[in-house]
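[1] Quick one, what's the 3D model for this:
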Amino acid sequence: MSVTVPALIISIVILMQTTNTPKTPDLNLTYLGHSSFELEASGIRVIIDPYHNSPWSHWFDIEYSKRRADILAVSHGHFDHAATQGVDAKSTLETEGILESGPFRVTAVPGLHARPSEYGSENRVLLIDVRGLRFVHWGDNGPEIPSQVLDGPRVDVLFLPIDDSEHILSFADAEGILDRLRPRVVVPMHYFIAGLTSQCSTLRGIESWLDTQENPLALSRATVGISPTSFTGRSSAVWVFPYHPALNPSTSTLPCAARTTGPWIVIAATLAAVLAVALIRRTVSS
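    Predicted structure coming up:
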């Protein structure tokens, strides 16, 4: 069977297009809100820092949806980072150490919380290595950079706690970290997100900080595919994620103070009852 020249040219063009079409990245990054992220590759999932409200602090107007993970990594034990009951995990990393699953190697190295006098010193910086890429999750660490991060391979994606109230890091702290690490991408976290974060948290947005950055990219989806070709340019790019749609929005319209007084009322009532019993016993014995 003979093949005409035009048909042959068309066949070659189609073959070239098929061969050169980039494959869908086998590594997905999803922002779950606040400081929580999910990395998935080859069917293996790593989840970082799930959150919930504590009896004393109402920070979220949406509950963390139940998820499954092969590895759950927790930077520190605060309620907005360590809601481990929200994740059905095969393995959990809550101390310094290393966990591996499939293509993932997750390392927790010692750090120091940015506000130790108020919240204690506990914090671990999390290093996630997968497919030749390095992700670093700062937790609530202060400006000190652990040697394992500073002396390790270049950071591809850095999750950094930034908000306009400078609750964890000041703008100067953040710029100092970025200047030294030069990550290919920085993803802000731990800031106020309308619809997710409660005003009770006192966190603010990131608009003022973004004004100091060159060409930040507002992503349209909470999940992005990542490969080594995702990163271009020598300077750090800023990616701003929308948070992943959650399932359980709060219907509370109570002011912040009212949402957190319940436990105090119980404690006060208990103390009053104990004092009343003691007073009655003392009266009877006398």
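
[2] Show me where the stretch 151-286 of the chain has its strands.
    Along the stretch 151-286 of the chain, counting by DSSP state E, counting those that start in this stretch, strands occupy 157-161, 185-189, 217-218, 223-225, 237-240, 248-249.

[3] quick one: contacts of the third one?
    Strand 217-218 has contacts (C-beta atoms under 8 Å, 6 or more residues apart in numbering) with 237-240. Where C-beta positions appear, they are placed from N, C-alpha and C, glycine not excepted.

[4] Quick check: ChimeraX command selecting the buried ones in those residues.
    In ChimeraX, a selection of the buried entries from those looks like this (16 or more other C-beta atoms under 10 Å):
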select :237,238,239
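
[5] Let's have the contacts of strand 217-218 in TSV, adding distance to G205 and pLDDT.
    Below are the contacts of strand 217-218 laid out as TSV (distance: C-beta to C-beta, whole Å; pLDDT from 0 to 100):
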residue	distance to G205	pLDDT
A237	20	93
V238	14	96
W239	16	96
V240	10	97
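
[6] The contacts of strand 217-218: which two are farthest apart?
    A237 and V240 (10.6 Å; C-beta to C-beta).

[7] check which helix or strand covers the residue nearest to P153 when sequence neighbours are not counted.
    For P153, ignoring the flanking residues on the chain, the nearest one in space by C-beta to C-beta, 6 or more residues apart in numbering is R134 at 5.4 Å. Counting by DSSP states H and E, the element that carries R134 is strand 133-137.

[8] what comes into contact with that strand?
    With C-beta under 8 Å, 6+ apart as the contact definition, strand 133-137 has outside contacts at 27, 29, 35, 37, 39, 48-49, 73, 75, 125-129, 149, 152-159, 181, 183, 226, 228.

[9] hang on, the earlier thing: gap between the residue nearest to P153 and L158?
    With distances taken as C-beta to C-beta, to the nearest Å, R134 is found 9 Å from L158.

[10] Comparing these two, which shows the higher neighbour count?
    For the pair R134 and L158, the greater number of neighbours falls to L158 (23 against 19), based on other C-beta atoms under 10 Å.

[11] Hmm, M189 and the more buried one touching each other?
    No: between L158 and M189 there is no contact under C-beta atoms under 8 Å: 10.0 Å.

[12] ok, which stretches of the stretch 101-250 of the chain are helices?
    Read by DSSP state H, counting those that start in this stretch, the stretch 101-250 of the chain holds these helices, from start to end of the chain: 116-119, 147-150, 171-181, 207-210.

[13] Now the last one: buried residues?
    By that I understand helix 207-210. W209.

[14] what residues are up against the spatially closest residue to H167 that is not a sequence neighbour?
    Sequence neighbours aside, L203 is the residue nearest to H167 in space, at 5.8 Å (criterion: C-beta to C-beta, 6+ apart). Going by C-beta under 8 Å, 6+ apart, L203 touches 59, 163, 165, 167, 190-192, 197.

[15] Could I get those in TSV, plus columns for neighbour count?
    As requested, the contacts of L203 are exported to TSV (neighbours: other C-beta atoms under 10 Å):
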residue	neighbour count
W59	21
D163	24
S165	13
H167	19
H190	26
Y191	23
F192	20
T197	25
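
[16] now for these, which pair is the farthest apart?
    In the contacts of L203, the most distant members under the criterion C-beta to C-beta are W59 and S165, with 13.2 Å between them.

[17] in the one helix or strand S91 maps to, what's buried?
    Using DSSP H and E, S91 sits in strand 87-93. Buried positions in strand 87-93, judged by neighbour count with 16+ other C-beta under 10 Å: 87, 89, 92-93.

[18] strands paired with it, and their directions?
    Each strand that pairs with strand 87-93, with its direction, by DSSP bridges: strand 67-73 (parallel).

[19] May I see the buried residues of the strand it pairs with?
    Neighbour-count burial for strand 67-73, with 16+ other C-beta under 10 Å as criterion, is recorded at 67, 69-73.

[20] how about those residues in TSV, adding distance to R282 and pLDDT?
    Supplementary listing: these in TSV, determined by distance: C-beta to C-beta, whole Å; pLDDT from 0 to 100:
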residue	distance to R282	pLDDT
R67	54	94
A69	55	98
D70	59	98
I71	57	98
L72	51	98
A73	53	98
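
[21] Right, I'll call it a day here.
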